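Undergrad: following is a predicted model, sequence given first.
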Number of protein chains: 2
Amino acid sequence: MAGESGKRTEISQLGEFGLIDRIQQQFQLKNPTSVVGIGDDAAVIDTGTHFMLVTTDMLLEGVHFDLSYIPLGHLGYKAVAVNVSDIAAMNGLPRQITVNIGLSNRFSVEAVDALYEGIRFACENYKVDLVGGDTTSSASGLVISVTALGEVEKPRLVKRGGAQINDIVCVTGDLGGAYMGLQVLEREKAAFMENPVMQPQLKSYEYIVGRQLKPDARMDIIHELKELSLVPTSMIDVSDGLASELLHLATHSGVGFNIYEENIPLDQLTYHTAVEFKLNPVTCALNGGEDYELLFTISQQDFEKVKNHPDIHFIGYVQNKEKGIRLITKQQQSIPLKAQGWTHFNR
Amino acid sequence: MAGESGKRTEISQLGEFGLIDRIQQQFQLKNPTSVVGIGDDAAVIDTGTHFMLVTTDMLLEGVHFDLSYIPLGHLGYKAVAVNVSDIAAMNGLPRQITVNIGLSNRFSVEAVDALYEGIRFACENYKVDLVGGDTTSSASGLVISVTALGEVEKPRLVKRGGAQINDIVCVTGDLGGAYMGLQVLEREKAAFMENPVMQPQLKSYEYIVGRQLKPDARMDIIHELKELSLVPTSMIDVSDGLASELLHLATHSGVGFNIYEENIPLDQLTYHTAVEFKLNPVTCALNGGEDYELLFTISQQDFEKVKNHPDIHFIGYVQNKEKGIRLITKQQQSIPLKAQGWTHFNR
């Protein structure tokens, strides 16, 4: 192929994060308005009075979604929500999005309408404007690339790199549900492929299937943090699994964590479905992706402000980097936590 | 497919512009900072002191490029340049880009390096920072989605919709070259596929092949316009062919044009190659895409400032909407100009 030299290194040898690191090293920020570049949930641009946030995400058919179980409207909504979640992770408010779509000729105008209906619903829900984009034909399948722009008051910007020793580690909602929802969808699809008379049995899995198909960005939490005058010391959204996100916060902040297994929030249905699938529920919470909850650290003195919040869970605290990221099990064992991550290149 | 109703309308029945219009009608701008949405070269966001510009473009293998003749480095450069060109078309300066790439496993780390070398070269040339992006695997081929952010002083913003009757129509550089370069590349590829011993004969077509493989955004013109204190009344970049772009300016401005065939700038090699391919050179300039020159209108009183510019050509003037867009041929015939456009959905 043009542009290649003799040597060939597979991308899977580096992995997604390795590849991003490699790219990042080749680029330096030169414009004075570029405050944060590659490596956080969103880039940060100084517009004078505010910071503008920019994040982008691309979803490809056959890699990120399977149209045999996600309706196009849900997909459109999700494509926006995952980007809004990255704006939330910087403590910002989303304002505008652009959407590029590539469509093969198996998609009709009615299909495009269904996709944009979901996008419009997300725009209304998150109060963002669709301001641009590109529609093009695709040689194979559907491609959606969304860029979201957001805004944050300068003193309220939260990055991955601000966690301090003794800070409290918080996570919203519950974890592992989106991953278990995906397992159910894949099982029902397999059963259907084998016997098309079979109707998918999804009713009793509604909550976790919804977590997979209709994730929401936690903008409610961002608004509440503002009302409480609370600025987390570090934050990230949980898109690749708790373990992977803890690793990112640890690396950026130069710290370690003690995480208490018994405090990791699990929904009952997630728990029972994991058991049904002979999976460890905590492992699903640690390494299952796409929950789009918020993981953040707050200083001890801010604990009072949120201690009674029904949907913020306190799962551990920040410790010295040398102590690493450790999980304290229900049996009081301390074990090192490794991020399996959830990289598409390794699948 | 999920989300589709019974009725099926093919996207080719609407065309790319029809599809964009349909989408645009479903979305209204609600945020006070959203100044211009879908429908111009870039969206415009009010940041207080300035306008921020946002544009995005997606390139798909097999639709927008063929890796058998475009080296990955050139492709990376071009993916940035086409977005910078949209920022230029709003009279802005590019500042940041984000790049999403989807890669199938036939791409090695070395191939990714080659692609990003071109992206880096473009960043240096246009003085933009790569601030974010997403790398993911792709089920088939290479996908590149770039978003560019730019900045313009509020009084210097130029939209498609400001052309006034009697304004002078200007175009930079020369037209049709990128299209003829593509014809040459496709002919040489076909010859090579038939007989792989054949070496491509590109030497004598260097300029037009370069126009196809290494287009540049005309930032030089944007800087010169500023030095001349000249703000065009309307502007667009020539990505789909002169006729198509004239139609956009006419629609947005509510005007017509008289365009003089003899004034349309053609490079000698473009002319001779078109003749060799038994094509009308002027038709290539009118309907061939990807020149990335700037088409703009200026008021008569600004003519003095640019009349001796070696690379700005005066091809006609703005007239009443009712008179339409007309081409005055070398034989002094006035014929209506139709935009064939260059839509991927129709190819």
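TA: Happy to help now that I have it. Residues are numbered from 1 along each chain as shown, chains lettered A, B, ... in the order given.
Undergrad: helices and strands of chain A: which one bottoms out on pLDDT?
TA: helix A:11-25 (a mean of 88; mean pLDDT, DSSP states H and E).
Undergrad: packing partners of that one?
TA: When contacts are defined as 3 or more C-beta pairs under 8 Å, 6 or more residues apart in numbering or on different chains; DSSP states H and E, helix A:11-25 packs onto helix B:109-126, strand B:129-137. In this view, the C-beta of every residue, glycine as well, is placed from N, C-alpha and C.
Undergrad: tell me which of those sits most buried.
TA: strand B:129-137 (a mean of 24; mean count of other C-beta atoms under 10 Å in any protein chain shown).
Undergrad: in its sheet, what does the following helix or strand past it sit against?
TA: The element immediately downstream of strand B:129-137 (helix or strand, assigned by DSSP states H and E) is strand B:143-153. Next to strand B:143-153 in the sheet, as set by DSSP bridges, lie strand B:50-60 (antiparallel), strand B:93-103 (antiparallel).
Undergrad: just want the angle from the first one to strand A:129-137.
TA: The reference is to strand B:50-60. 20 degrees (axes from the mean of the first three to the mean of the last three C-alpha atoms, to 10 degrees).
Undergrad: let's test this: mean pLDDT of strand B:50-60, rounded?
TA: In this model, strand B:50-60 has a mean pLDDT of 97.
Undergrad: one more: the last one?
TA: Along strand B:93-103, the predicted local confidence has a mean pLDDT of 97.
Undergrad: in it, what's buried?
TA: B:93-103 (16 or more other C-beta atoms under 10 Å in any protein chain shown).
Undergrad: of the residues you listed, which pair is most distant in space?
TA: B:93 and B:103 (30.9 Å; C-beta to C-beta).
Undergrad: okay, now the residue of the stretch 151-300 of chain A found nearest chain B: neighbour count?
TA: Distance from chain B to each residue of the stretch 151-300 of chain A (C-beta to the nearest C-beta) is smallest for residue A:151, at 7.7 Å. A count of nearby residues for residue A:151, using other C-beta atoms under 10 Å in any protein chain shown, gives 20.
Undergrad: over to the one 5 residues further on?
TA: Applying the criterion other C-beta under 10 Å, we find 19 residues in the vicinity of residue A:156.
Undergrad: surely it meets residue A:226?
TA: Yes - counting by C-beta atoms under 8 Å, residue A:156 does reach residue A:226; the two are 7.1 Å apart.
Undergrad: low pLDDT regions in the stretch 151-300 of chain A?
TA: By pLDDT under 70, the stretch 151-300 of chain A has no low-scoring segment.
Undergrad: the residue positioned nearest the centre of chain A: what's it in contact with?
TA: Centroid check for chain A by C-alpha atoms, centre = their mean gives residue A:239 as the closest residue, at 2.3 Å. Residue A:239 is in contact with A:82, A:85, A:245, A:289-292, counting by C-beta atoms under 8 Å, 6 or more residues apart in numbering or on different chains.
Undergrad: cool, residue A:208 as well?
TA: Per C-beta under 8 Å, 6+ apart, neighbours of residue A:208: A:177-178, A:180-181, A:184, A:267, A:269-270, A:273.
Undergrad: what's the answer for residue A:103, then?
TA: Per C-beta under 8 Å, 6+ apart, neighbours of residue A:103: A:111-112, A:135-138, A:142, B:11.
Undergrad: rerun at 6 Å
TA: residue A:138 (C-beta atoms under 6 Å, 6 or more residues apart in numbering or on different chains).
Undergrad: and the stretch 101-250 of chain A, which residues reach chain B?
TA: A:102, A:108-111, A:114, A:116, A:120, A:129-132, A:134-140, A:143, A:145, A:147 (C-beta under 6 Å from any C-beta of the partner chain).
Undergrad: end-to-end on stretch A:67-76?
TA: 12 Å (C-alpha to C-alpha, to the nearest Å).
Undergrad: quick one: which of the contacts of residue A:239 has the most company?
TA: residue A:291 (31 neighbours).
Undergrad: quick check: it touching residue A:172?
TA: No - using C-beta atoms under 6 Å as the test, residue A:291 is too far from residue A:172 to be in contact (9.2 Å).
Undergrad: hmm, back to that, out of the strands paired with strand B:143-153, which is closest to residue A:217?
TA: Taking the strands paired with strand B:143-153 one by one with C-beta to C-beta, strand B:93-103 is closest: 18.6 Å.
Undergrad: taking helix A:11-25 as reference, get the angle to that closest one.
TA: Using the same axes, to 10 degrees, strand B:93-103 lies at 170 degrees relative to helix A:11-25.
Undergrad: and the next element down the chain from the helix or strand harbouring residue A:274?
TA: Assessed by DSSP H and E, residue A:274 sits inside helix A:268-276. Next in sequence after helix A:268-276, counting helices and strands by DSSP H and E, comes helix A:281-287.
Undergrad: give me the contacts around the very next helix or strand once past that next one.
TA: Counting by DSSP H and E, the next helix or strand C-terminal to helix A:281-287 is strand A:293-298. Residues from elsewhere that reach strand A:293-298 (C-beta under 6 Å, 6+ apart): A:163, A:167-173, A:218, A:221, A:232-238, A:245, A:318.
Undergrad: ok, residue A:138 touching residue A:102?
TA: Yes - between residue A:138 and residue A:102 there is a contact at 3.4 Å, judged by C-beta under 6 Å.
Undergrad: shared neighbours, these two?
TA: Common neighbours of residue A:138 and residue A:102 (C-beta under 6 Å, 6+ apart) are residue B:60.
Undergrad: pull out the buried positions in the least confident helix or strand of chain A.
TA: A:11-12, A:14, A:16-17, A:19-20, A:23.
Undergrad: same question, stretch A:62-71
TA: A:63-65, A:67, A:69-71.
Undergrad: tell me the one of those nearest chain B?
TA: Of these, the one sitting nearest to chain B (C-beta to the nearest C-beta) turns out to be residue A:71, at 4.3 Å.
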